[in-house]
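>>> build me a model:
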Amino acid sequence: MPEAVAVNPELIRWAVDRSGVPREDLAKSFPKLDAWQSGEKSPTLRQLESLAKKTMTPLGYMFLHAPPVEKLPIPDFRTVGDRPVGRPSPNLIETIQAMQRRQAWMRDYVIEQGHEELALVGSAKQSRNPVSLAARIRETLGLNSDWAERQTTWEDALRTLRESVERIGILVATAGIVGLNTHRALDPEEFRGFVLCDAYAPLVFVNAADSRSAQMFTVSHELAHVWIGRDGLFNLIRTLPHDDEAEQFCNAVAAEFLVPEEKLLARWDEARAAERPFSYLARLFKVSPIVAARRALDLRLIDKPHFFKFYEAEQEDWAKRKDDQRKKKGGNFYATQDARLGRRFAFAVVRAVREGRLLYREAYNLTDLRGATFEKYANRLIQRVKDERP
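Numbers count the residues shown, from 1 in each chain. Model prediction:
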């Protein structure tokens with residue numbers, strides 16, 4: 001009979017709480033869980049390994065004397081109203097760590113390729129004018145103030161924005177799960193995105209579990225972070241930014257970037273005449289109705305009671321839409337990898353492998369794609385790049 005291993009019951013309780021997995025689900029897999037947590041009994045090594053995997057806990061942590069204090073490696077600008085921000089989930093921590101590994105590799109790659117530092121990173125540290133910085137970002141991206149209005153759908157607008165951002169040297173990764181694990185969904189209520197600033201390879205991560213229109217705001221917000229040269233983790237509950245001055249500035253830049261004050265004022269009368277004014281503006285500027293309403297509030301076109309009444313109703317509608325989206329089948333696996341990995345990063349990895357400067361094993365670890373799956377994606381990506389060249 002396998003021997004039990006000595007493990008601090010406090011660590012088992014910590015792993016269970018940290019995971020966020022419903023206790024009843026864990027109890028089905030581990031009938032003796034309560035006894036392990038109380039110290040009445042101890043698990044075998046195999047049981048402990050299974051529990052660590054189920055709770056997304058590094059096995060080595062289970063043999064510590066006390067639970068470790070896990071700190072996020074980047075500044076946390078999330079808000080949850082009057083409540084304190086909770087412990088970061090394993091999904092969030094592992095996502096940040098994975099992006100840090102990609103960024104470190106990409107930094108070495110672009111330096112090896114002879115690229116210089118990106119002058120835009122941190123170039124607006126002293127800026128205090130969100131309107132002028134939004135205009136500067138649009139100009140750098142090669143976008144006009146009415147670029148979003150010209151797009152047919154939110155998907156088109158988001159793709160155009162993402163491609164424009166990557167074209168100037170910023171990595172953009174968009175994912176709704178950890179790696180390729182569909183059982184580990186990222187929660188937009190916990191975070192909508194984050195940015196890792198670097199002079200050679202700045203990286204923006206967008207939570208794809210959020211709506212397409214909300215992702216537009218996330219990308220724009222994180223772009224402002226790149227320009228001021230400051231890392232950060234972002235969520236935006238009830239549209240309320242963190243009380244940090246720089247965070248509020250980035251929100252103002254994002255709002256002006258997506259919904260220019262001049263454009264909104266010019267369209268306000270026709271929007272008010274519409275049956276659903278904020279949905280009308282949302283379709284026009286390719287943002288969420290909540291962002292459109294918040295912009296109207298900031299410009300004093302509506303008052304706070306009006307805004308928050310609309311906000312609560314819109315949140316209820318969004319919850320219903322999310323349930324409908326979950327029932328839909330996913331799209332083409334290979335077509336989604338460009339967004340998940342970021343086209344700029346993915347092509348660099350494929351090119352490095354084909355040129356013999358990166359081992360396949362390392363490429364697999366960087367992309368989460370392996371064997372024939374990696375090869376198929378690499379071939380498709382190279383062909384698409386060839387087809388797009390003039």
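
>>> give me the neighbour count for G122.
16 (other Cβ atoms under 10 Å). All C-beta spots, glycine's among them, are computed from the backbone N, C-alpha and C.

>>> now swap in the one 10 residues further on and tell me
The tally of other residues near S132 (other Cβ under 10 Å) stands at 13.

>>> got the contact list for R370?
Y364 (Cβ atoms under 8 Å, 6 or more residues apart in numbering).

>>> tell me the spacing between it and K376.
The spacing between R370 and K376, counted by Cβ to Cβ, to the nearest Å, is 11 Å.

>>> then G342?
The span separating G342 from K376 equals 19 Å under the rule Cβ to Cβ.

>>> quick one, what contacts E256?
By Cβ under 8 Å, 6+ apart, the contact set of E256 is 130-131, 134.

>>> can you tell me the average pLDDT over stretch 247-263?
Here stretch 247-263 scores 92 as its mean pLDDT.

>>> ok now that stretch, how far from the chain's centre?
For stretch 247-263, the separation from the chain centroid amounts to 19 Å (computed by Cα atoms, centre = their mean, to the nearest Å).

>>> buried ones in that stretch?
Applying a neighbour-count criterion of 16 or more other Cβ atoms under 10 Å, one finds 247, 249-260, 263 buried in stretch 247-263.

>>> what's the answer for stretch 299-311, then?
Neighbour-count burial for stretch 299-311, counted by 16+ other Cβ under 10 Å, picks out 301-302, 307, 310-311.

>>> the stretch 201-350 of the chain: strands as residue ranges?
203-207, 232-234 (DSSP state E, counting those that start in this stretch).

>>> and the ones you listed, which is most packed in?
Sort these by mean neighbour count, taking mean count of other Cβ atoms under 10 Å, and strand 203-207 sits at the top with a mean of 27.

>>> name the nearest of the buried residues of stretch 299-311 relative to I177.
I177 lies nearest to Y311 out of those, by Cβ to Cβ, at 27.7 Å.

>>> count residues in the vicinity of M216, would you?
As a burial measure, M216 scores 26 neighbours (other Cβ under 10 Å).

>>> and the gap between it and A157?
Distance from M216 to A157, by Cβ to Cβ: 6 Å.

>>> mutual contacts of those two, please.
Common neighbours of M216 and A157 (Cβ under 8 Å, 6+ apart) are 148, 286.

>>> out of G342 and K376, which sits in the busier spot?
Neighbour count, other Cβ under 10 Å: between G342 and K376, G342 has more, with 27 against 13.

>>> wait, isn't that one in contact with A173?
Yes: in this structure G342 lies within contact range of A173 using Cβ atoms under 8 Å: 4.6 Å.

>>> overlap in contacts of the two?
L203.

>>> which of the contacts of E256 are buried?
Judged by 16+ other Cβ under 10 Å, buried ones among the contacts of E256: 130, 134.

>>> helices - which of the contacts of E256 land there?
130-131, 134 (DSSP state H).

>>> about what we covered before: which one of the buried residues of stretch 247-263 is nearest to W36?
E247 (41.4 Å).

>>> excluding covalently adjacent residues, which one is nearest to that closest one?
F77 (4.5 Å; Cβ to Cβ, 6 or more residues apart in numbering).

>>> swap in L64?
Nearest non-adjacent residue to L64, counting by Cβ to Cβ, 6+ apart: L11, 6.4 Å away.

>>> number of nearby residues for the one you found?
21.

>>> mind putting the ones in helices among the contacts of E256 into JSON lines with pLDDT?
Listed next are these as JSON lines, based on pLDDT from 0 to 100:
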{"residue": "P130", "pLDDT": "94"}
{"residue": "V131", "pLDDT": "94"}
{"residue": "A134", "pLDDT": "96"}
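
>>> mind checking how far stretch 283-301 is from the chain centre?
Counting by Cα atoms, centre = their mean, stretch 283-301 comes out at 22 Å from the chain centroid.

>>> quick revisit: need the pLDDT of the residue nearest to E247.
At F77, pLDDT is 77.

>>> touching, it and D231? I think so.
No: in this structure, F77 is not within contact of D231 by Cβ under 8 Å, at 9.7 Å.

>>> so which of those two has more stuff around it?
Set F77 next to D231 and count neighbours by other Cβ under 10 Å: F77 wins out with 26 against 20.

>>> against A199, how distant is the more buried one?
22 Å.

>>> M62 now?
According to Cβ to Cβ, M62 and A199 sit 39 Å apart.

>>> tell me which of these two has more neighbours.
Neighbour totals were compared for M62 and A199, and M62 leads with 21 against 14 (other Cβ under 10 Å).

>>> I figured the more buried one hits L45, correct?
No: checked against Cβ under 8 Å, the pair M62 and L45 is beyond contact range at 9.9 Å.
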